[in-house]
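Asker: Sequence first, predicted coordinates after that:
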Amino acid sequence: MRKTANIDEYIAGFPADVRRLLNEMRTTINVAAPEARETISYGMPALVLHSQLVFFAAFKRHIGFYALPTGHAAFKGELAEYKTGKGSVQFPFDQPLPVGLITRIVYFRVAENLRRKGGKD
């Protein structure tokens, strides 16, 4: 992970095809969680809504997506076609991003964070 000051700078450091996927991921998350605040955390783009919401990052052959702590477990069946790890899922560069699935996971995490904060879904 390279050190960057913000998400724009992070995305700018990648080739055009990867930038397109990162921007698509960023837009998808921001549309699903418009009140979330963007930041860099653990060297990755992250969104925060009362607490950590989701992270994403580019790697050699995939976009990593992290919907910790429970986002992946709740969508285990739908994520089965992707390589996953503890708290992570890999979306390969050579496949379209599953925008609908990412949106549903982000909605899930937003509702979860709002419940924890005492807000309404």
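Answerer: Ah, there it is. Note that the structure is predicted; figures quoted are calculated from it, not measured.
Asker: Can I get the lengthiest helix in the chain in CSV, CA atoms only?
Answerer: Criterion DSSP state H: the longest helix present in the chain is helix 99-117. Output of helix 99-117 as CSV, limited to C-alpha atoms (Å, rounded to 0.1, in the frame of the first residue of the first chain):
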residue,chain,number,x,y,z
VAL,A,99,-22.4,-3.1,-8.5
GLY,A,100,-25.8,-4.5,-7.2
LEU,A,101,-24.1,-6.8,-4.7
ILE,A,102,-21.8,-4.1,-3.5
THR,A,103,-24.7,-1.7,-3.1
ARG,A,104,-26.7,-4.2,-1.0
ILE,A,105,-23.6,-4.9,1.2
VAL,A,106,-23.1,-1.2,1.8
TYR,A,107,-26.8,-0.7,2.6
PHE,A,108,-26.5,-3.5,5.1
ARG,A,109,-23.4,-1.9,6.7
VAL,A,110,-25.1,1.5,6.8
ALA,A,111,-28.2,0.0,8.6
GLU,A,112,-25.9,-1.8,11.0
ASN,A,113,-23.9,1.3,11.9
LEU,A,114,-27.0,3.3,12.4
ARG,A,115,-28.5,0.7,14.7
ARG,A,116,-25.3,0.7,16.7
LYS,A,117,-25.3,4.5,16.9
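Asker: Buried ones in it, by neighbour count?
Answerer: Buried residues in helix 99-117, counted by 16 or more other C-beta atoms under 10 Å: Leu101, Ile102, Arg104, Ile105, Val106, Phe108, Arg109, Val110, Glu112, Asn113. The way it works is simple: take the backbone N, C-alpha and C, and place the C-beta from them, glycine included.
Asker: Likewise for stretch 77-85?
Answerer: So stretch 77-85, judged by 16+ other C-beta under 10 Å, has buried residues Leu79, Tyr82.
Asker: So for it, first residue to last residue, what's the gap.
Answerer: Terminal residues of stretch 77-85 are spaced 14 Å apart (C-alpha to C-alpha, to the nearest Å).
Asker: Okay, strands next: where are they in the protein?
Answerer: Along the chain, counting by DSSP state E, strands occupy 37-41, 44-49, 51-58, 62-66, 83-85, 88-92.
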